[in-house]
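Asker: let's see this in three dimensions:
(one chain, ligands or ions: 1)
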Amino acid sequence: MKPRVAVLISGGGSNMVKLLESMDGDHPAEPVLVLANSAGAGGLAKARALGVQSDFVDHKPYGKDREAFEDALIAKLDAVQADVICLAGFMRVLTSHFIDRYDGRMLNIHPSLLPKYKGLHTHARAIEAGDNEAGCTVHEVTAKLDDGPILAQARVPILETDSPETLAARVLIEEHRIYPQALRQFIHKL
Ligand code: GRF
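Answerer: Residues are numbered from 1 along each chain as shown. This is a model prediction of the structure:
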């Protein structure tokens, strides 16, 4: 049986769409679930349109009880026997409770050239710092935020005229290119 991939999203899921589209017939893995942390995540409808089961666990009722929220996510992932987790624009911090369970089987895409600019507002920070390039990173997820073994990176120039938004749009194109490639290579090495 092919490894079963679940993709976690919070918003529009443009990276998720590219991952699902990449997992066609001759791909070594298959998509089994797109899971969001709110009912309103725009990516859920896109997943359904691509014929992949989609669901959500609203994080708000769990308040500060992150582990209870994560247990609800895990229940959904176990129900589809997910083997590999791809975080794709998933904006909730996951604790070691969740991460340890998927140790060595969870990837994330981060919109910076890690280890630079861990955390949020990566493009604004790169512009502010006067950097002449930015980019994105696919990495294995470990308990330390935006850390973990790097699987792929892509670089883009920062232009004098760039705003965080124009830079983000340029980086996103590269995210969409490297994430499917990195997932395919990762699956081959499983
Ligand atoms: C992207 O910048 C991605 O790097 C970050 O979330 C943003 C939105 O991603 N993790 P998507 O369109 O929801 O895939």
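Asker: how about residue 118, what does it touch?
Answerer: In this structure, residue 118 makes contact with 110, 112, 145-147, judged by CB atoms under 8 Å, 6 or more residues apart in numbering. To be clear about C-beta, it is placed using only N, CA and C from the backbone, and glycine gets the same treatment.
Asker: show me these that map onto strands.
Answerer: With strands taken from DSSP state E, the overlap with the contacts of residue 118 comprises residue 110.
Asker: point out where this structure drops to low pLDDT.
Answerer: Along the chain, no part satisfies pLDDT under 70.
Asker: on that earlier part again, can you put the contacts of residue 118 in CSV and add distance to residue 89?
Answerer: Putting those into CSV (distance: CB to CB, whole Å) gives the following:
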residue, distance to residue 89
110, 10
112, 14
145, 15
146, 14
147, 19
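Asker: out of the contacts of residue 118, which end up buried?
Answerer: Using 16 or more other CB atoms under 10 Å as the burial test, the contacts of residue 118 include 110, 112, 146 as buried.
Asker: for residue 182, state which of those residues is nearest.
Answerer: Lowest distance from residue 182 to the buried ones among the contacts of residue 118 (CB to CB) belongs to residue 110, with 11.9 Å.
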